[in-house]
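Undergrad: Pasting a predicted model and its sequence here:
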Amino acid sequence: MNNVFVFDIETVPDVDAGRRLDGLEGLDDRDVAQVMYAARRRETGGSEFLRLHLHRVVAISVAARTRERFKVWSLGEESAPEAELIQRFFDGVERYTPVLVSWNGGGFDLPVLHYRALLHGIAAPRYWETGGEDQAFRYNNYLNRFHERHTDLMDVLAGYQPRAVAPLDEIATLLGLPGKMGMDGSRVWECFLNGELGAIRDYCETDVLNTYLIYLRFEQMRGRFTAQEYTRECDLVRRTLEQDGRAHLREFLERWHGASVPE
């Protein structure tokens, strides 16, 4: 199996950008965000979801399958600045040239990372390669929607039809996976203001676990795994979570299997 990195990001309003663009100096972070949300509601007729260049990354989580093992974690320490998180992400791409897998990563996560990398001056030559230096990337790179170095499961499963897309939580639940576990993206800003970065990172990690397990089913569906290989890969995830011992991963495992995990 090639190196596979399933990734997800969590974001909050970039209140520094809000101050700079809208002249909101003197307001605190909460008030700046409220002004940004109100402007967005007026622009869209109701939605508060900010334009992607106005998001700040506060967590990046990865579920990685390499030849040696499976691992799920969040990049950097809780206190790490945004630039470090993004640098670590692209350093991983540089080092491992993994298949990147996401749920709506083409429509959200990667464009946000592009804007934030631009802001912080982060170099990522392997990620941006399209064949000029490495001919293998001419026909399969991270940027082409229809190539496989980045597989956006939401996009692929919808047949690239916007009206056919489905939420991660619903697909995970239909497949018997835990889905969302008491947290969703709408709560991230409030948790961030309350200093609950650990809860945000835990939530992000369970999202990549749901996505990775959907990816395994997808690989079986398109003939990359036999039934036995699919079961073997799921068992590897189960053993990893059992050995990890962190509370949110234990809860994920219990919900996945519908029974308590032995201590």
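TA: Arrived safely.
Undergrad: residue boundaries of the strands in the stretch 101-250 of the chain?
TA: Residue ranges of the strands in the stretch 101-250 of the chain, as given by DSSP state E, counting those that start in this stretch, are 150-152.
Undergrad: helices and strands around the lowest-mean-pLDDT helix or strand in the chain, which ones?
TA: Across the helices and strands of the chain, the lowest-confidence element by mean pLDDT, DSSP states H and E is helix 247-257, at a mean of 94. Secondary-structure packing of helix 247-257 (3 or more CB pairs under 8 Å, 6 or more residues apart in numbering; DSSP states H and E): helix 197-221, helix 227-244. In short, each C-beta sits where N, CA and C put it, glycine included.
Undergrad: With Met183 as the reference, name the closest of those.
TA: helix 197-221 (4.2 Å; CB to CB).
Undergrad: and the angle from that closest one to helix 247-257?
TA: 30 degrees (axes from the mean of the first three to the mean of the last three CA atoms, to 10 degrees).
Undergrad: re earlier: can you say which of the helices and strands packed on helix 247-257 is nearest to Phe49?
TA: Closest among these, once you apply CB to CB, is helix 197-221, at 17.2 Å.
Undergrad: What average pLDDT does that closest one get?
TA: Averaged over helix 197-221, pLDDT sits at 98.
Undergrad: Repeat that for stretch 169-184.
TA: Across stretch 169-184, pLDDT averages out at 93.
Undergrad: Only C-alpha atoms, please: export it in CSV.
TA: Extracted in CSV, the C-alpha atoms of stretch 169-184 (Å, rounded to 0.1, in the frame of the first residue of the first chain):
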residue,chain,number,x,y,z
ASP,A,169,-21.3,12.5,9.1
GLU,A,170,-24.2,11.0,7.2
ILE,A,171,-22.0,8.7,5.0
ALA,A,172,-20.0,7.6,8.0
THR,A,173,-23.2,6.8,9.9
LEU,A,174,-24.7,4.9,7.0
LEU,A,175,-21.6,2.7,7.0
GLY,A,176,-21.8,2.0,10.7
LEU,A,177,-19.0,4.3,11.7
PRO,A,178,-19.2,6.7,14.6
GLY,A,179,-19.6,9.9,12.6
LYS,A,180,-19.6,13.1,14.6
MET,A,181,-19.2,12.6,18.3
GLY,A,182,-20.8,15.5,20.1
MET,A,183,-18.9,18.1,18.1
ASP,A,184,-19.1,19.7,14.7
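Undergrad: And it, how far out from the chain middle?
TA: Chain-centre distance of stretch 169-184: 15 Å, with CA atoms, centre = their mean, to the nearest Å.
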